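> Could you look at this predicted model? Sequence included:
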Amino acid sequence: MNLIKKIFNKFLFHFGHEIVKVDKNYRQYLESIDLIFKKYRNFTMIPQTTYESNLNLLKYIENITGDVVECGVWRGGMIAGFASLLNANNRHFYLFDSFEGLPEVKEIDGEKAKRWQANKNSPFYYENCKAEIGFAKKAMELARCNDFTIVKGWFNETLPNSNFKNGIALLRLDGDWYDSTMTCLEILYDNVVENGIIIIDDYYCWEGCRKAVHDFLSKNKLPDAIRSTPEGVCYVIKGN
Ligand SMILES: C[S@@+](CC[C@H](N)C(=O)[O-])C[C@H]1O[C@@H](n2cnc3c(N)ncnc32)[C@H](O)[C@@H]1O
């Protein structure tokens, strides 16, 4: 039987394929993240592969204490997914958003961003990313998470008044534009614990976001590498 398997595998390999044995726990994990995405698919605009890639990044904080913060939650589906996977841990979840949509694009955000905001009929416009706050609350309740705070308002007004006494283990930035990203980095970076992770959703999508990350790291002479998951999710491990 083994010989038949070997021959079959060789044959497939010849055509660029291979049968690999997937560990049972890993298969269960893959099934669970698939279910998590399906549970929150109406609460997030993030596509499944990217969404699951974000969930995979939780491995970095398994042994790190600290809270989870998302700036730019829209309907809360991404952070609720984090809460679903991390539920056993003692962490507080912070959800920051204007719930009034994105601020107006500026010159620094580039032509592509300008065109996106001007095209109100596009299926990807999502009412300029405006969401009812009730969705985010519902998403966190679906995750059976009681330990969360939703903070409504503009980042530059809400973040300076927030207190992260446990430190931040995972910071997810999803505010699209230069100013939004820069404000979050300037106010929150110091609250991220050493080896904590910062996920930057829009790094590959919007040039303003990209510039903000570069400007922030170089202005503060930080050594942090800009990393990417195989699926193209950008992240930074603080201090590395
Ligand atoms: C692309 S959406 C977030 C998507 C979400 N993370 C998900 O899971 O689908 C961007 C969000 O950032 C918020 N946002 C952007 N800049 C902001 C700012 N300066 N202050 C407050 N909210 C902001 C918008 O209101 C919007 O809900």
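Looks like it arrived, so ask away.
> Check the burial of the residue in the chain that the ligand sits nearest to by counting its neighbours.
Taking Cβ to the nearest ligand atom, the ligand has its nearest neighbour within the chain at Gly72, 2.9 Å off. Heads up, the C-betas are built off the backbone N, CA and C, glycines and all. Gly72 has 24 neighbouring residues, counting by other Cβ atoms under 10 Å.
> Contacts only, for it.
Phe96, Asp97, Leu173, Asp174, Gly175, Asp176, Ser180, Asp201 (Cβ atoms under 8 Å, 6 or more residues apart in numbering).
> Next, format those residues as a markdown table and append secondary structure and neighbour count.
Shown next, in a markdown table, are these (DSSP: H, G, I helix; E, B strand; the rest coil; neighbours: other Cβ atoms under 10 Å):
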| residue | secondary structure | neighbour count |
| --- | --- | --- |
| Phe96 | strand | 26 |
| Asp97 | strand | 27 |
| Leu173 | strand | 30 |
| Asp174 | coil | 26 |
| Gly175 | coil | 30 |
| Asp176 | coil | 23 |
| Ser180 | helix | 26 |
| Asp201 | coil | 24 |
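> check these against the ligand, which are close?
Asp97, Asp174, Gly175, Asp176, Ser180 (Cβ under 6 Å from any ligand atom).
> Please name the residues that touch the fourth one.
When you say that, I think you mean Asp176. Counting by Cβ under 8 Å, 6+ apart, Asp176 touches Gly72, Leu102, Asp109, Ala113, Cys129, Asp202, Cys205, Trp206, Gly208, Cys209.
> at 7 Å what do you get?
Each residue near Asp176 by Cβ atoms under 7 Å, 6 or more residues apart in numbering is listed here: Gly72, Leu102, Asp202, Trp206, Cys209.
> Nothing else from me, thank you.
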